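Trainee: task: produce atomic coordinates for the following.
(chains A and B)
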Amino acid sequence: DGGITQSPKYLFRKEGQNVTLSCEQNLNHDAMYWYRQDPGQGLRLIYYSQIVNDFQKGDIAEGYSVSREKKESFPLTVTSAQKNPTAFYLCASSIIGQGENTGELFFGEGSRLTVL
Amino acid sequence: AQSVTQLDSQVPVFEEAPVELRCNYSSSVSVYLFWYVQYPNQGLQLLLKYLSGSTLVKGINGFEAEFNKSQTSFHLRKPSVHISDTAEYFCAVSEPGGSYIPTFGRGTSLIVHP
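Mentor: Below is the predicted model:
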């Protein structure tokens, strides 16, 4: 089945440590996204990528980094510079332009990061 | 710039009662509109979407929404809810012809009581 796989589902980290969240898709989508979700704040865009080897900052990119070396993969690194990293992180993908799924985001199951 | 307002953070309702979750948007151009549902500790899944054409859109699980351009609204409705509809619901808007990146509302928690 086609879809998006995020790992790990739960992750604990000590302050000062970097951590990388994995996101893989087999939907052949060009665009991929990372969102952060906090209670009552909806989804906030961290980074997005519309083509391999290129990515753009979203609304809250500070303290995060990404790479897009392959179309299928878009890992997110939460660095020690992120002051409040405890959150639920969601990866998504989409087509670009017109088509049957125009504008629709397909989401992974999420990764919950807790900083101890 | 586009924005979305979900007017209610929480909506409690009894099982088999009707429900409406409100969503208003602002945009200077034509829009695409979406409703997503999120069950606890899961990702979001699409309920329904409006791209063009008929303003009444039907989605999965018996939900429907109506696009009202004059009121810039896209309210979600269901005539009779079930316990299993308890979840977080997100409204989103994107602008065709641009980046297509959606802007999400803050979400409405639907709580269905027996």
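Trainee: can you check the pLDDT for the most centrally placed residue in chain B?
Mentor: Nearest residue to the geometric centre of chain B (Cα atoms, centre = their mean): residue B:35, 3.4 Å. You'll see residue B:35 listed with a pLDDT of 97.
Trainee: measure it to residue B:21 for me?
Mentor: 8 Å (Cβ to Cβ, to the nearest Å). (Glycine included, C-beta is placed from N, CA and C.)
Trainee: any residues in contact with both of the two?
Mentor: In terms of Cβ atoms under 8 Å, 6 or more residues apart in numbering or on different chains, residue B:35 and residue B:21 are both contacted by the residues B:76, B:89, B:91.
Trainee: got the phi/psi numbers for the single nearest residue of chain A relative to chain B?
Mentor: Across chain A, the shortest distance to chain B (Cβ to the nearest Cβ) belongs to residue A:107, at 3.4 Å. Main-chain torsions, residue A:107, degrees, to the nearest 10: phi -110, psi 150.
Trainee: just want the phi and psi numbers for the closest residue to it other than its chain neighbours.
Mentor: With sequence-adjacent residues excluded and distances taken as Cβ to Cβ, 6 or more residues apart in numbering or on different chains, residue A:107 is closest to residue B:43, at 3.4 Å. Main-chain torsions, residue B:43, degrees, to the nearest 10: phi -80, psi -180.
Trainee: neighbours of residue B:43, how many?
Mentor: Residue neighbour count, defined by other Cβ atoms under 10 Å in any protein chain shown, stands at 22 for residue B:43.
Trainee: likewise for residue B:110?
Mentor: When counting by other Cβ under 10 Å, one arrives at 21 neighbours for residue B:110.
Trainee: please identify the helix or strand for it.
Mentor: For residue B:110, the element it lies in under DSSP states H and E is strand B:108-113.
Trainee: helices or strands up against that strand?
Mentor: Packing partners of strand B:108-113 (3 or more Cβ pairs under 8 Å, 6 or more residues apart in numbering or on different chains; DSSP states H and E): strand B:10-14, strand B:19-21, strand B:87-94.
Trainee: re earlier: which of the shared contacts of residue B:35 and residue B:21 has the most neighbours?
Mentor: Of the shared contacts of residue B:35 and residue B:21, with other Cβ under 10 Å as the count, residue B:91 tops at 30 neighbours.
Trainee: can you check the pLDDT for it?
Mentor: Per-residue pLDDT puts residue B:91 at 97.
Trainee: isn't it right up against residue B:73?
Mentor: No - using Cβ atoms under 8 Å, residue B:91 makes no contact with residue B:73, being 9.7 Å away.
Trainee: mutual contacts of these two, please.
Mentor: Shared contacts of residue B:91 and residue B:73, defined by Cβ under 8 Å, 6+ apart, comprise B:23, B:25.
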